[in-house]
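J.: Any chance you can model this:
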Amino acid sequence: MSHTFLTTEELAKRIHYNARTIRNELVDSCLFEGKHYIRPFGRRKFLFIWENIEADLMNTLSDSIAMPSAVGY
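T.: You can find the predicted model right below:
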């Protein structure tokens, strides 16, 4: 399986967030090491795994779409 690795700046452009917001607020609260990103060679730099982030974004989107009720409320 092939992965697309993105830097923080590249991810910020794709999801329309500020790179600082990703580093300070999303890492370790919404984006988890080993699933959404890796730190190659144990360094400070993050490499984000686009396919895993995209899948979670789509799951969040499908969970938030409300189905209309049969009554019409």
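J.: Look at the closest residue to Tyr17 other than its chain neighbours and say how many residues are nearby.
T.: The shortest distance from Tyr17 to any non-neighbouring residue, by CB to CB, 6 or more residues apart in numbering, is to Leu26 (7.3 Å). No exception for glycine: its C-beta is placed from N, CA and C like everyone else's. Using other CB atoms under 10 Å, Leu26 is surrounded by 19 other residues.
J.: and Ala12, what does it touch?
T.: The contact partners of Ala12, taken as CB atoms under 8 Å, 6 or more residues apart in numbering, are 18-19, 21-22.
J.: just to revisit the earlier point, gap between the residue nearest to Tyr17 and Leu57?
T.: Distance, Leu26 to Leu57, by CB to CB, to the nearest Å: 12 Å.
J.: Check Thr21 too.
T.: With the distance defined as CB to CB, Thr21 ends up 15 Å from Leu57.
J.: Also Thr7?
T.: Taking CB to CB, one finds Thr7 at 18 Å from Leu57.
J.: what do you get for Asp63?
T.: 11 Å.
J.: just Leu31 next, same as before
T.: Noted for Leu31: a distance of 11 Å to Leu57, by CB to CB.
J.: So for the two, which residue has more residues nearby?
T.: Leu31 (20 against 12).
J.: What backbone torsions are found at that one?
T.: Leu31 adopts backbone torsions of phi -110, psi 120, taken as degrees, to the nearest 10.
J.: isn't it right next to Phe48, touching?
T.: Yes. Leu31 is in contact with Phe48 according to CB atoms under 8 Å; the separation is 7.1 Å.
J.: between those two, what contacts are shared?
T.: Tyr37.
J.: Now do the same contact list for the spatially most central residue of the chain.
T.: By CA atoms, centre = their mean, the chain has its centre lying nearest to Ile53, at 3.5 Å. By CB under 8 Å, 6+ apart, the residues touching Ile53 are 11, 15, 31, 36.
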